[in-house]
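A.B. asks: the following comprises the amino acid sequence and a computationally predicted model.
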Amino acid sequence: MEDIWGRAQEELRKRIGASNFTTWIEPLRLAKIEDGQAEITCPTRFMCDWVKRHYAENILRGLKDADGTVTRLNIKVVAASAAPGKAAPRQSVPRVRKPAAPDSDLPTAPLDSRFTFENFVVGKPNELAHAAARRVADGGPVTFNPLFLYGGVGLGKTHLMHAIAREIMTRRPDQKVLYLSAEQFMYRFIQALRERQTMGFKEIFRNVDVLMVDDVQFIAGKDSTQEEFFHTFNFLIDQGKQIVISADRAPGEIKDLEDRIKSRLQSGLIVDLHPADYELRLGILQSKVDHYLTQYPGLQIAPGVLEFLAHRITSNVRVLEGALTRLYAFASLVGREITLDLTQECLADILRASDRRVSIEDIQRRVAEHYNVRFADLIGPKRVRAVARPRQVAMYLAKQLTSRSLPEIGRRFGGRDHTTIMHGVRKVEELRDNDRQLSEDLDLLSRLLQA
Ligand SMILES: Nc1ncnc2c1ncn2[C@@H]1O[C@H](COP(=O)(O)OP(=O)(O)OP(=O)(O)O)[C@@H](O)[C@H]1O
């Protein structure tokens, strides 16, 4: 099945272009072929409708070419986790392109032009890492050597590394800056060994003023590469040259890394990038929206959408950025304003994956406790204000923090109609901006529920 779909995809990529392919075809899966009918699964309804309207014919043609038995096509929505026997569809998230194996005459890996200090949003979780990176980039006498930056996936390590490299190259063009990933370091070293060019290799690496190695955990367990790295490292430090290293964890926690290397890596300044908190996530989204304003002038984003995304997508910045990119692409294609509904529709798979599994009952219990009302009253018919307002707050939080539909939420609120829920949600949205107490309550409750 994989083979057939692989061949059909190759054809499709040629026919519709790489960008359309990545957005619309890559997330699809070929689930089965039965009695001449191919079944394609799609992670969201929005995407399913779009693909049916625009690409069904091409997909069928591609499948027919790849497997002569196919005569019909059925495209249906299947939630990411429920896709039969397949890995979850890849989200259309732009992965930072890590440079490929480099050309041996040009050691420095290409720098991504977006990864600058200006584009880096600073908040509590990354302020120390940012300040240290800035200090190194500003130059002057070497204060901490090496600078070791570490943090989980997609939290901005590579972004900071590129920013440092670019800044030094601009401020001090006389300095030889060599930036590369640990994988490339190994690739070059092995190539040098094979071509009996180890002297040339050593010369390149020992002649730099600033050496920057990304994802150093990669050399763990690679004995001869570790050995060479260790010597290069010592040589440069002894010469007072700056070294900057990044990894996905602290030096002491990298398994299969020789102790002497660990201890050398620990001899400078070690700073970690913490996962982005709500404020930082919102700040990053706002700065991206500013960029999109030039790319998509006139495309409106409704109030509350960015807050919603910052609340709901907590995994990492890369996923957050990818969500916004997809949202803008969808909205501009269909020529619609980016509303909360559009957001939930077109990011259903990402939101589901990030769903923090807050249940509606958790929300109701927490809200009842906070406002000191009985749980039974909260979901019951009472209309007195002392109960009605907390109920609307609970409805609003249910919409914000879960991926349940309005009718589903209605059922959990004593069988209310979806229009009642919509009214409750809107009411809270209206009041939130001017009622400080309410806004603080919402903030506190969301935090408690997501803790
Ligand atoms: N504070 C920030 N401000 C603006 N953009 C950020 C910030 N942090 C991360 N990003 C963006 O998030 C994306 C992922 O960041 P980056 O590639 O630097 O992560 P990483 O920590 O190197 O992850 P990995 O370990 O997967 O390589 C990039 O597009 C980057 O620009």
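C.D. replies: It's in.

A.B. asks: any idea how far residue 232 is from residue 219?
C.D. replies: 11 Å (C-beta to C-beta, to the nearest Å). (Glycine included, C-beta is placed from N, CA and C.)

A.B. asks: typed the wrong thing, it's residue 130
C.D. replies: Residue 130 is 26 Å from residue 219, where distance means C-beta to C-beta.

A.B. asks: tell me which of the two has more neighbours.
C.D. replies: Comparing residue 130 with residue 219 by other C-beta atoms under 10 Å, the one with more neighbours is residue 219, at 27 against 20.

A.B. asks: so which bits of the protein are right by the ligand?
C.D. replies: Residues of the chain lying near the ligand by C-beta under 6 Å from any ligand atom: 96, 115, 119-121, 126, 151, 153-159, 248, 284, 317-318, 321.

A.B. asks: just the ones of the residues you listed in helices?
C.D. replies: Per DSSP state H, helices hold the following members of the residues of the chain next to the ligand: 157-159, 284, 317-318, 321.

A.B. asks: a markdown table please, covering those and showing distance to residue 189 and pLDDT.
C.D. replies: Converted to a markdown table, those look like this (distance: C-beta to C-beta, whole Å; pLDDT from 0 to 100):
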| residue | distance to residue 189 | pLDDT |
| --- | --- | --- |
| 157 | 22 | 95 |
| 158 | 21 | 94 |
| 159 | 26 | 95 |
| 284 | 36 | 96 |
| 317 | 32 | 91 |
| 318 | 29 | 90 |
| 321 | 33 | 93 |
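
A.B. asks: tell me who's in contact with the residue in the stretch 351-451 of the chain that the ligand sits nearest to.
C.D. replies: In the stretch 351-451 of the chain, the residue that lies nearest the ligand is residue 354 (15.4 Å; C-beta to the nearest ligand atom). Residue 354 sits next to 312-315, 319 when contact means C-beta atoms under 8 Å, 6 or more residues apart in numbering.

A.B. asks: write a PyMOL command that selects only the buried members of the residues you listed.
C.D. replies: Buried residues within the contacts of residue 354, by 16 or more other C-beta atoms under 10 Å, are selected in PyMOL with:
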select buried, resi 312+313+314+319
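
A.B. asks: lowest-confidence entry in the contacts of residue 354?
C.D. replies: Across the set of these, residue 315 stands lowest in pLDDT, at 76.

A.B. asks: who's in contact with the strand or helix carrying residue 213?
C.D. replies: In this structure, residue 213 is located in strand 210-214 according to DSSP states H and E. For strand 210-214, contacts defined as C-beta under 8 Å, 6+ apart pick out 98, 157-158, 161, 164-165, 168, 175-182, 185, 205, 229, 232-233, 236, 241-246.

A.B. asks: restricted to helices, list those residues.
C.D. replies: Judged by DSSP H, helices contain the following of the contacts of strand 210-214: 157-158, 161, 164-165, 168, 182, 185, 205, 229, 232-233, 236.

A.B. asks: closest to residue 67 among these?
C.D. replies: Nearest to residue 67 out of the ones in helices among the contacts of strand 210-214 is residue 158 (C-beta to C-beta; 40.7 Å).

A.B. asks: touching, the closest one and residue 247? I think so.
C.D. replies: No - taking C-beta atoms under 8 Å as the definition, residue 158 is not a contact partner of residue 247, at 11.5 Å.

A.B. asks: who's more crowded, those two?
C.D. replies: Comparing residue 158 with residue 247 by other C-beta under 10 Å, the one with more neighbours is residue 247, at 26 against 21.

A.B. asks: can you give me the strands in the chain?
C.D. replies: Remark: strands assigned in the chain by DSSP state E are 29-34, 37-42, 72-77, 147-151, 177-181, 210-214, 242-247, 269-273.

A.B. asks: in stretch 201-208, what's buried?
C.D. replies: 201-202, 204-205, 208.

A.B. asks: list the contacts for whichever residue of the stretch 301-450 of the chain sits closest to the ligand?
C.D. replies: With C-beta to the nearest ligand atom, the shortest gap between the stretch 301-450 of the chain and the ligand falls at residue 317, namely 3.6 Å. With contacts defined as C-beta under 8 Å, 6+ apart, the neighbours of residue 317 are 154-156, 276, 281, 284.

A.B. asks: try it again at 10 Å.
C.D. replies: With contact taken as C-beta atoms under 10 Å, 6 or more residues apart in numbering, residue 317 is in contact with 121, 126, 153-156, 159, 273, 275-276, 280-281, 284-285, 288.

A.B. asks: and what of residue 186?
C.D. replies: The neighbours of residue 186, taking C-beta under 10 Å, 6+ apart as the test, are 180, 218-219, 222, 224-226, 228-229.

A.B. asks: find residues that contact each of residue 158 and residue 247.
C.D. replies: With contacts defined as C-beta under 10 Å, 6+ apart, the residues shared by residue 158 and residue 247 are 149, 214-215.

A.B. asks: dig out what the residue lying closest to residue 78 once chain neighbours are set aside forms beta bridges with.
C.D. replies: The spatial neighbour of residue 78 that comes closest, neighbours along the chain excluded (C-beta to C-beta, 6 or more residues apart in numbering), is residue 41 at 3.9 Å. Here residue 41 sits in beta bridges with residue 29, residue 76, going by DSSP bridges.

A.B. asks: retrieve the pLDDT associated with residue 41.
C.D. replies: 92.

A.B. asks: so how many other residues sit close to it?
C.D. replies: Neighbour number of residue 41 under other C-beta under 10 Å is 23.

A.B. asks: next: residue 199.
C.D. replies: Counted with other C-beta under 10 Å, residues neighbouring residue 199 total 9.

A.B. asks: wait, it sits on residue 193?
C.D. replies: No - Residue 199 lies out of contact with residue 193 (C-beta atoms under 10 Å); the separation is 11.4 Å.

A.B. asks: where does the chain have low pLDDT?
C.D. replies: 19, 46, 79-107, 142, 355-357, 450-451 (pLDDT under 70).

A.B. asks: any idea which helix is longest in it?
C.D. replies: Taking DSSP H as the criterion, the chain has its longest helix at helix 45-66.

A.B. asks: how does this structure divide into domains?
C.D. replies: 2-82, 124-272, 278-349, 360-450 (automatic domain parsing).

A.B. asks: any idea which of those domains gets closest to residue 108?
C.D. replies: Between residue 108 and the domains of the chain, the shortest separation by C-beta to C-beta is 5.4 Å, and it involves domain 124-272.

A.B. asks: all helices of the stretch 351-451 of the chain, in order?
C.D. replies: 360-371, 375-379, 385-401, 406-412, 418-432, 436-450 (DSSP state H, counting those that start in this stretch).

A.B. asks: helices or strands next to the shortest one in the packing?
C.D. replies: Spelled out, it's helix 375-379. For helix 375-379, the packing partners by 3 or more C-beta pairs under 10 Å, 6 or more residues apart in numbering; DSSP states H and E come out as helix 360-371, helix 385-401.
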